[in-house]
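1. fold the following for me, if possible:
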Amino acid sequence: MRPVIGIASSKMYVSDNRVDHFFYTSHCYVEGIIRSGGIPLLLPLIHEEFYPIAEMLGAVDAVLLTGGVDPAPHLYGEAPHQRLGEVDYERDQAELRLIRAILRARKPMLGICRGAQMIAVTVGGSLIQDIESAYPNALQHQQIGSKQYGSHYIQVSDGFLKRALRSETVLVNSSHHQAVKTLPTGYRVTAVAPDGVIEGFESEDGRTIAVQWHPERMWMHDEQMLGICKAFVQLVNQQTEA
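-> Residues are numbered from 1 along each chain as shown. Predicted coordinates for the structure are as follows:
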């Protein structure tokens, strides 16, 4: 049976309607899961207490956390940096509850960009609020131009990403100005940019995988990047069959 992958979907307005909210996600996530043998199912992110998280998680075998705006810094004990970007506190609260529920349910989870950052924050890590301020010689992590193609290389160490990408050096795209700074015990860094910025990490139990770049934009045309989605779906299959 094909595994069901929930995609955490945030709210947005459309330009001609400022009354209703709409839950959305990029088509790249949806198509990647289908091409990898999974069944995508959108999970609306709602921060209210009545949000039936446990019941919704019961309908999926794993969850994919998507990109977006900056997490609020007070969530990891810091005041806002002068170069902090837009935040969405309601989405922060919804994702915190969702991630905690996923961890309790011991289900696989893949975090991409903001998704990776929110996983780090939820488990007790912290973030670099602005890479350029922290790393004077940083690469251009907010690439200009075609964001569906790679802009800088990363070094990948042993773990899920190395198995999925089948390489130790990988060209990735880049669309972020924040990154993971610290991780707690039980999590380890598995990908790093030449300037030292963390580009990937995973949990020691192998159920949580996180990447800082946007493989979903690349995997629409890049089979190597699609390998991340395929490997995640295979991981979910293994977990559900165990």
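2. drop to CA atoms for contacts and neighbour counts, all remaining ones
-> Will do.
3. show me the shaky parts of this structure.
-> Counting by pLDDT under 70, the chain has low-confidence residues at 242.
4. quick one, strands of this structure?
-> Applying DSSP state E to the chain gives strands spanning 4-14, 17-24, 39-44, 62-65, 109-112, 126-128, 152-156, 169-172, 179-182, 187-192, 198-203, 208-211.
5. residue 11 contacts residue 25, correct?
-> No: using CA atoms under 8 Å, residue 11 and residue 25 do not qualify as a contacting pair, with a distance of 9.1 Å.
6. circling back to that earlier point, in CSV: the strands of the chain, plus mean neighbour count.
-> Output for the strands of the chain, formatted as CSV (neighbours: other CA atoms under 10 Å):
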stretch, mean neighbour count
strand 4-14, 20
strand 17-24, 12
strand 39-44, 20
strand 62-65, 27
strand 109-112, 24
strand 126-128, 22
strand 152-156, 19
strand 169-172, 17
strand 179-182, 21
strand 187-192, 20
strand 198-203, 24
strand 208-211, 26
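7. out of the ones you listed, nearest to residue 229?
-> Among the strands of the chain, the nearest to residue 229 by CA to CA is strand 109-112 (9.0 Å).
8. now do the buried residues in stretch 134-144.
-> Residues of stretch 134-144 classed as buried: 139, 141, 143 (neighbour count, 16 or more other CA atoms under 10 Å).
9. other SSEs contacting the helix of greatest length in the chain?
-> For the chain, the helix that runs over the most residues, judged by DSSP state H, is helix 223-241. If you count contacts as 3 or more CA pairs under 8 Å, 6 or more residues apart in numbering; DSSP states H and E, helix 223-241 packs onto helix 27-35, helix 160-165, helix 215-218.
10. which of those helices is buried the deepest?
-> helix 215-218 (a mean of 23; mean count of other CA atoms under 10 Å).
11. how about residues contacting it?
-> 28-29, 32, 112, 147-150, 172-173, 225-226, 228 (CA atoms under 8 Å, 6 or more residues apart in numbering).
12. including distance to residue 119, could the helices and strands packed on helix 223-241 go into TSV?
-> Output for the helices and strands packed on helix 223-241, formatted as TSV (distance: least, CA to CA, whole Å):
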stretch	distance to residue 119
helix 27-35	18
helix 160-165	17
helix 215-218	17
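13. among those, which is nearest residue 73?
-> The nearest among the helices and strands packed on helix 223-241, by CA to CA, is helix 215-218 at 25.2 Å.
14. for stretch 17-25, what is the distance to the chain centroid?
-> What separates the centre of stretch 17-25 from the centre of its chain is 22 Å, taken as CA atoms, centre = their mean, to the nearest Å.
15. do stretch 44-59 as well
-> Centre-to-centre, stretch 44-59 and its host chain are 19 Å apart (CA atoms, centre = their mean).
16. buried residues, it. List them.
-> 44, 45, 46, 47, 53, 57.
17. ramachandran angles for the closest residue to residue 113 other than its chain neighbours?
-> Among residues not flanking residue 113 along the chain, residue 212 sits closest, at 4.2 Å (CA to CA, 6 or more residues apart in numbering). For residue 212, the backbone dihedrals are phi -90, psi -30 (criterion: degrees, to the nearest 10).
18. mind listing residues that contact stretch 82-92?
-> Contacts for stretch 82-92 (CA under 8 Å, 6+ apart): 10, 45, 46, 47, 69, 70, 71, 72, 118, 129, 130.
19. for the residues you listed, give me CSV that also has distance to residue 238.
-> Listed next are these as CSV, based on distance: CA to CA, whole Å:
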residue, distance to residue 238
10, 28
45, 27
46, 30
47, 31
69, 32
70, 33
71, 32
72, 35
118, 25
129, 36
130, 38
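20. for these, work out which two are farthest apart.
-> Once CA to CA is applied, those give 46 and 130 as the farthest pair, at 27.6 Å.
21. what sits against residue 64?
-> Here residue 64 is in contact with 5, 6, 7, 8, 109, 110, 111, 112 (criterion: CA under 8 Å, 6+ apart).
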